[in-house]
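>>> below are the sequence and a predicted model; questions follow.
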Amino acid sequence: MQVRLEEFDDPLGVARVEAGDECRIRLVGRLLVGKPGTRDRLPPCAAGTAAHITQIKAIVLNCTLKPSPASSSAELLGSQVLEALKEHQVTGELVRIVDHDIRFGVSTDEGDGDEWPQLRERILAAQILVVVTPIWMGQPSAVCKLVLERLNAEISETDDQGRLSTYGKVAGIGVVGNEDGAHHVTAELAQALTDVGFTLPANAVTYWVGEAMQTIDYQDLPSTPEKTDLTTRTLATNLDHLARLLDDAAYPATA
Ligand SMILES: Cc1cc2nc3c(=O)[nH]c(=O)nc-3n(C[C@H](O)[C@H](O)[C@H](O)COP(=O)(O)O)c2cc1C
């Protein structure tokens, strides 16, 4: 029998597993579930083993300039990342930044109706953050820059051991354009995200720009290109993998 997250009413609680259940028990009795075959097999559980189940959560931020209900290529790529994460039992949400009153600034709360604090709570409640941006003039969108500036406030938010609130969180990147600039945008985002304490996995980005100097958008393609689809699924696999590793082994205290 495959132990699956959905079988437990309280996925964050303690579950009892039967003898022979296919599961993974870590040293501290933590049970991690995943897609069969995606991880090394550990010996079957002993009957009655108590196992903690970690529910990994993700939040995907769409940094398009277009408010809902306009269709957005970044929305499409972001939703595909979420779908791919679901394959790893990661739950999540997709937030379109321009639909919210997020103020400019570099603090955790700019006051006066700023909606960043509520969004920040949701970011802090997730172990995985994915920032998806369109490319404008070879740059991340202004909305993406706004998000990065707001995340910059986290460099002052530490726990009692000096670790940033973002330590232990994993970040991924999605980029859409219709001609060029994905690598440059990735470099900007990767630098900013590590600067504020996120950890990036291998192959931390999925993107699509198509052929140079063309005008076809990601959302206009008849189907998702195989290469981008594979890259999105690889990103999700690596995000999930690293999030679970960091959940098991927190960063040490900062001297
Ligand atoms: C004025 C303008 C500038 C753009 N600049 C770039 C660019 O430098 N590189 C690129 O690949 N795409 C560029 N694009 C294409 C957008 O990134 C593309 O339309 C993207 O899919 C928009 O995402 P969204 O629908 O989520 O907003 C540009 C589009 C416009 C209208």
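Nice, I can see it. Numbers count the residues shown, from 1 in each chain.

>>> can you give me the helices in the protein?
Along the chain, counting by DSSP state H, helices occupy 73-86, 116-125, 142-151, 182-195, 226-248.

>>> quick one: list the elements packing against the third one.
So that's helix 142-151. The contact analysis (3 or more Cβ pairs under 8 Å, 6 or more residues apart in numbering; DSSP states H and E) places helix 142-151 against helix 116-125, strand 128-136, helix 182-195. C-beta here means a position set from N, CA and C on the backbone, and glycine is covered the same way.

>>> next: the fourth one.
Secondary-structure packing of helix 182-195 (3+ Cβ pairs under 8 Å, 6+ apart): strand 128-136, strand 139-140, helix 142-151, strand 170-176, strand 205-208.

>>> those: which one's closest to residue 162?
helix 142-151 (18.7 Å; Cβ to Cβ).

>>> just the buried residues of stretch 132-152, please?
132-135, 140-141, 143-148, 150-151 (16 or more other Cβ atoms under 10 Å).

>>> and it, anywhere near the ligand?
Yes - using Cβ under 6 Å from any ligand atom, we find that stretch 132-152 touches the ligand at 134, 135, 136, 137, 138.

>>> for the residue in the stretch 151-255 of the chain positioned nearest to the ligand, which non-adjacent residue is spatially closest?
The minimum distance from the stretch 151-255 of the chain to the ligand, using Cβ to the nearest ligand atom, falls at residue 177 (2.2 Å). Counting by Cβ to Cβ, 6 or more residues apart in numbering, residue 177 lies nearest to residue 135, which is 3.5 Å off, once chain neighbours are set aside.

>>> how far away is the one you found from residue 73?
Separation of residue 135 from residue 73 (Cβ to Cβ, to the nearest Å): 10 Å.

>>> who touches both of those two?
The contact sets of residue 135 and residue 73 overlap at residue 176 (Cβ atoms under 8 Å, 6 or more residues apart in numbering).

>>> which parts of the protein sit against the ligand?
With Cβ under 6 Å from any ligand atom as the criterion, the chain comes near the ligand at residues 64-66, 72-74, 134-138, 176-181, 209, 217-218.

>>> now those residues: which count as buried?
Of the residues of the chain next to the ligand, these count as buried by 16+ other Cβ under 10 Å: 64-66, 72-74, 134-135, 176-178, 181, 209, 217-218.

>>> for those, which one is nearest residue 100?
Nearest member of those to residue 100, counting by Cβ to Cβ, is residue 64, at 12.6 Å.

>>> so the closest one touches residue 75, yeah?
Yes - if you go by Cβ atoms under 8 Å, residue 64 and residue 75 touch, sitting 6.6 Å apart.

>>> now do the shared contacts for those two.
Shared contacts of residue 64 and residue 75 (Cβ under 8 Å, 6+ apart): residue 96.

>>> next, count neighbours for the closest residue to residue 110 other than its chain neighbours.
Nearest residue to residue 110, sequence neighbours excluded (Cβ to Cβ, 6+ apart): residue 103, at 3.9 Å. The tally of other residues near residue 103 (other Cβ atoms under 10 Å) stands at 15.

>>> how does the chain divide up, domain by domain?
1-54, 57-248 (automatic domain parsing).

>>> deepest of those, which one?
domain 57-248 (a mean of 18; mean count of other Cβ atoms under 10 Å).

>>> so where's the stretch 1-150 of the chain uncertain?
Where the stretch 1-150 of the chain drops to pLDDT under 70, the residues are 1-54.

>>> now with 50, please.
1-16, 21-44 (pLDDT under 50).

>>> contacting residues around residue 199?
Per Cβ under 8 Å, 6+ apart, neighbours of residue 199: 167, 168, 169, 170, 171, 242, 246.

>>> nope, residue 86 is what I was after
Contacts here follow Cβ under 8 Å, 6+ apart; on that basis residue 86 touches residue 92.
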